[in-house]
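S.K.: okay, structure incoming, though there's no sequence with it:
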């Protein structure tokens, strides 16, 4: 098979535990682009959180793609052209945030310039801030102060708490929104039907790339849709069992150059 696109989740997939791309993985991904293969970074992160890796891998010289916010916003890394976007309308986002206020979670939203939170010391706020390089703005009440339509709303809580309340959080709104866990402590909310895979399918259709010409890598539940879409769906060795169960192949972990191992085999 002559592959035309490689789709990469970031955390737990492309990067190791230090949040770095290893030299071996970086080398083969650059070679793939030199062969004309499109690289797509597909993450729950905002656009700003993908820029560092886009520059490192030279996506901005090869029309690579950035699928941010779980596919809620897609841009051409070279031109910054917006290829697709699906926002949560401001009034709906406000209603959602009011709903979330009754639960022991920390809600977060971003406009790609700031991370807005009700508590700067909230659970995993520092983590989200650091991995994306976003300055934090603390606001007294997100539901009353939000003045833009976000692409997604992020909720954080310890895993045991999140699992115990997740159904209650989702149930009133599961017909309108997609809820997905990207980490054991993150629950992400986008408009219904938005996923990495749905946006990938849309972009591939525009670019006349067939699913069987796509390799996709992932490790978490929010990667299920890309693994299902791709002709070659690859679960990392550190992936959740749900992902491993549907993958075409299981590679080594993100700390063992699992991405490079597969690409050296197929590219």
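M.R.: Yes, it's here. These figures come from a predicted structure and were not determined experimentally. Residues are numbered from 1 along each chain as shown.
S.K.: figure out the length between the terminal residues of stretch 169-179.
M.R.: With Cα to Cα, to the nearest Å as the measure, the ends of stretch 169-179 fall 9 Å from one another.
S.K.: need the residues that contact that stretch.
M.R.: Outside stretch 169-179, the residues within contact range by Cβ atoms under 8 Å, 6 or more residues apart in numbering are 70, 88, 92, 96, 99-100, 103, 105, 155, 166, 187-195. All C-beta atoms are positioned from the backbone trio N, CA, C, and that covers glycine.
S.K.: which of those residues fall within helices?
M.R.: Among the contacts of stretch 169-179, the members found in helices (DSSP state H) are 92, 96, 99, 100, 166.
S.K.: now do the same contact list for the second one.
M.R.: In this structure, residue 96 makes contact with 88, 153, 173, 177, 189, judged by Cβ under 8 Å, 6+ apart.
S.K.: any chance of the residues you listed in CSV with pLDDT as columns?
M.R.: Output for the contacts of residue 96, formatted as CSV (pLDDT from 0 to 100):
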residue, pLDDT
88, 98
153, 98
173, 96
177, 97
189, 98
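S.K.: out of these, which is most surrounded?
M.R.: Neighbour tally across the contacts of residue 96 (other Cβ atoms under 10 Å): the maximum, 26 neighbours, falls on residue 189.
S.K.: list the contacts of the residue nearest to it when sequence neighbours are not counted.
M.R.: Nearest residue to residue 189, sequence neighbours excluded (Cβ to Cβ, 6 or more residues apart in numbering): residue 153, at 4.5 Å. By Cβ under 8 Å, 6+ apart, the contact set of residue 153 is 88, 93, 96, 97, 100, 107, 108, 109, 188, 189.
S.K.: how far away is the spatially closest residue to residue 141 that is not a sequence neighbour from residue 192?
M.R.: Excluding its sequence neighbours, the residue lying closest to residue 141 (Cβ to Cβ, 6+ apart) is residue 118, at 6.4 Å. Distance, residue 118 to residue 192, by Cβ to Cβ, to the nearest Å: 25 Å.
S.K.: neighbour count: these two, which is higher?
M.R.: Counted by other Cβ under 10 Å, residue 118 and residue 192 do not tie: residue 118 has more neighbours, with 19 against 12.
S.K.: quick one: which of the contacts of stretch 169-179 sit in strands?
M.R.: 155, 187, 188, 189, 190, 191 (DSSP state E).
S.K.: in a markdown table: the residues you listed, plus distance to residue 228.
M.R.: Compiled in a markdown table, the ones in strands among the contacts of stretch 169-179 are given as follows (distance: Cβ to Cβ, whole Å):
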| residue | distance to residue 228 |
| --- | --- |
| 155 | 24 |
| 187 | 21 |
| 188 | 18 |
| 189 | 21 |
| 190 | 17 |
| 191 | 20 |
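S.K.: now do the strands in this protein.
M.R.: Under DSSP E, the chain gives strands at 5-8, 38-42, 65-68, 73-76, 82-85, 106-110, 115-117, 136-138, 153-156, 177-183, 186-191, 214-218, 232-235, 249-250.
S.K.: by contact count, what packs against the shortest one?
M.R.: Here strand 249-250 touches strand 232-235, going by 3 or more Cβ pairs under 8 Å, 6 or more residues apart in numbering; DSSP states H and E.
S.K.: and the strand it packs on, how far out from the chain middle?
M.R.: 16 Å (Cα atoms, centre = their mean, to the nearest Å).
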